[in-house]
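[1] Coordinates only, no sequence provided:
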């Protein structure tokens with residue numbers, strides 16, 4: 001069952017790797033994920049709103065951090 005929701009949750013496979021410039025066989029460093037998430041969350045708390053691209057990037061980063069456990 002878990003495999004089905006994971007497969008449906010990933011819409012653009014490899015887009016987060018492309019953002020970080022990480023190769024297909026490498027893992028995305030947790031520190032870089034955490035830095036991206038905190039930077040975007042800080043921006044969202046202020047007066048500035050997140051753009052569609054930034055919001056999508058935040059969601060992808062959160063999902064990638066969650067899927068590291070599987």
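    Here it is on my side, so go on. Note that the coordinates shown come from a computational prediction; the quantities given were computed from them, not determined experimentally.

[2] which regions of the chain lie under the pLDDT threshold?
    Applying pLDDT under 70 to the chain flags residues 1-3.

[3] can you give me the strands for it?
    Using DSSP state E, no strands are assigned anywhere in the chain.

[4] Would you map the helices across it?
    2-9, 15-20, 30-45, 52-67 (DSSP state H).

[5] Could you pull up the residues touching the residue positioned nearest the centre of the chain?
    In the chain, the C-alpha nearest the mean C-alpha coordinate belongs to residue 61, at 1.5 Å (Cα atoms, centre = their mean). Neighbouring residues of residue 61 by Cβ atoms under 8 Å, 6 or more residues apart in numbering: 16, 33, 36, 37, 40. C-beta: built from backbone N, CA, C; applies to glycine.

[6] Let me have those residues in a markdown table, adding neighbour count and distance to residue 67 as columns.
    Putting these into a markdown table (neighbours: other Cβ atoms under 10 Å; distance: Cβ to Cβ, whole Å) gives the following:
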| residue | neighbour count | distance to residue 67 |
| --- | --- | --- |
| 16 | 18 | 11 |
| 33 | 18 | 11 |
| 36 | 22 | 15 |
| 37 | 16 | 14 |
| 40 | 18 | 18 |
